[in-house]
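> no sequence for this one, just the structure:
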């Protein structure tokens, strides 16, 4: 979604009805391989925290971590998030 933000512009959405669980699509039409398959739009899932993790990815690539110490000193959730972002980045290349 980050790299294809224009496709998730609510003002230009061609579906206009599958925004949440109140009116899901009949199929899993939003798919990020190995991460999520959803019958509702992914945009509402974007949070301040997810944007922050994406912004930290470039630092992660340079071995600059949010907590002092090395890779093993970072929270597991942070490492998992960076691995997901890295896989998505590799697929975009």
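Looks like it arrived, so ask away. Owing to the predicted nature of the structure, the values given are computational and were not obtained by experimental measurement.
> Pull the distance from the worst-scoring helix or strand of the chain on mean pLDDT to the chain's centre.
Least confident helix or strand of the chain, by mean pLDDT, DSSP states H and E, is strand 30-32 with a mean of 81. Computed by Cα atoms, centre = their mean, to the nearest Å, the chain-centroid distance of strand 30-32 equals 10 Å.
> so what secondary structure elements neighbour it?
Applying 3 or more Cβ pairs under 8 Å, 6 or more residues apart in numbering; DSSP states H and E, one finds that strand 30-32 contacts strand 36-38. Just so you know, the C-beta spots here come from the backbone N, C-alpha and C atoms, and that holds for glycine as well.
> now the helices for this structure?
Along the chain, the segments classed as helices by DSSP state H run 48-61, 76-92.
> coming back round to it: give me the contacts around the least confident helix or strand of the chain.
Strand 30-32 is contacted from outside by 36, 37, 38, 39, 40, 41, 42, 88, using Cβ atoms under 8 Å, 6 or more residues apart in numbering.
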